[in-house]
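[1] Predicted model, plus sequence, below.
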Amino acid sequence: MHLCRAVLTPIRYARSEWEGGNVALAHIGQGDEGWYVRDVGPGQARQLWRFVDATATRAGVTNPEGGAGTYYAADPGETIWACLRRSTPWLDGLDGSGPFQRMICGPGRFHPRVARPIALREKETLWFPDAAKEQRYITSAQNQLGSLIDDLRVICRVVQPAASTLSVYGHEIRNLLILAATEVEMHWRGILTANGSTAKFNTNEFVKLAVPLGLRDYAVHFHPCPDIDPIRPFDGWDVSDPTNSLPWYAAYHGVKHNREHEFDQATLANGFAAVAACAVMLVAQFGQDALTPGLKGFLSVEPPAWPSEEMYLMPEAEGGWTPIPLQLSVKP
């Protein structure tokens, strides 16, 4: 077998090449350069690899250049993928990069106010690296969500939540809907501001958060309400109609500005959905640990299944976490 030539010179990666990185995959590096996670197979731990200068080096191992199966360098005029195809069976029968998933964020890079699982960990739990610095905000948001839940509990003592009662409307539900929706707006504004947005805040800007935070795929379960199906408050959020495609949010605008004619939009269903949206926004920013035991007693938030390439990577040895603002654009 013709093997890739061995190169024993240690590789030093300059941190500056990652400065300015962003959510767009094409901006992570030139050509095929970047960080990759290799899916080894069922029951085996995934591996982290660094591709640079037509070489592939496995991270997290001692002396990868001198080890077996941990370092490859392409011959002159050869791509690293061609080198791997003739030197390993890893890409046999597979197209493109095969089991290698290119990571959007390099080690230690994260997006402000955006929680993601940490790649290479056995349990994929949403986590936010900078939560300690946001503790005042998180505590305030937890308290507000707890207050909304208290209001919802009171309403549910009067109206039994069930499919047949979700159309019930009234003043207390209207008040809950308005408070919950304005809390969601606060979260939206905070994320956009943290990521450098200076645009005028409206739903045309807010909907830009749907994709990078995975909002459309979150579901909320209300434990004391067994007759209420899991609620996906951002399901169907449409960039072409970002206000009306969220029924609870359109209802909030109606009952806030035009109660005389749209009071019947202050339904129990919209109240539940608005509270669910608050819970989602808390978890989507700061991870599942942002829900206190008290909050978890009433609801739980089911996050989306994040693709490997969109997860975060722990910093390299002696490195720290660096915020990389999202490059926000409207996506369907």
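    Happy to help now that I have it.
[2] Below-threshold pLDDT in the protein: ranges please.
    1-31, 330-332 (pLDDT under 70).
[3] Just the strands from it, written as ranges.
    Assigned by DSSP state E, the chain shows strands spanning 34-38, 47-52, 55-58, 71-73, 100-102, 109-110, 219-222, 299-302, 322-323.
[4] Compare those and give me the one nearest residue 200.
    strand 322-323 (23.6 Å; Cβ to Cβ). To be clear about C-beta, it is placed using only N, CA and C from the backbone, and glycine gets the same treatment.
[5] Redo the strands of the chain as JSON lines? Include mean neighbour count and distance to residue 124.
    As requested, those are arranged in JSON lines below (neighbours: other Cβ atoms under 10 Å; distance: least, Cβ to Cβ, whole Å):
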{"stretch": "strand 34-38", "mean neighbour count": "21", "distance to residue 124": "12"}
{"stretch": "strand 47-52", "mean neighbour count": "20", "distance to residue 124": "15"}
{"stretch": "strand 55-58", "mean neighbour count": "20", "distance to residue 124": "21"}
{"stretch": "strand 71-73", "mean neighbour count": "22", "distance to residue 124": "28"}
{"stretch": "strand 100-102", "mean neighbour count": "20", "distance to residue 124": "14"}
{"stretch": "strand 109-110", "mean neighbour count": "22", "distance to residue 124": "16"}
{"stretch": "strand 219-222", "mean neighbour count": "20", "distance to residue 124": "16"}
{"stretch": "strand 299-302", "mean neighbour count": "19", "distance to residue 124": "13"}
{"stretch": "strand 322-323", "mean neighbour count": "16", "distance to residue 124": "22"}
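[6] Identify whichever of the ones you listed lies nearest to residue 314.
    The nearest among the strands of the chain, by Cβ to Cβ, is strand 47-52 at 9.2 Å.
[7] Neighbouring strands - and their directions - for that closest one?
    Paired strands of strand 47-52, with direction, are strand 34-38 (antiparallel), strand 55-58 (antiparallel) (DSSP bridges).
[8] Can you name the residues in contact with it?
    With contact meaning Cβ atoms under 8 Å, 6 or more residues apart in numbering, strand 47-52 is reached by 11, 13, 29, 32-38, 40, 56-60, 80, 100, 119-120, 313.
[9] rerun that using 7 Å as the cut-off
    Here strand 47-52 makes contact (Cβ atoms under 7 Å, 6 or more residues apart in numbering) with 11, 13, 32-38, 40, 56-60, 80, 100, 120, 313.
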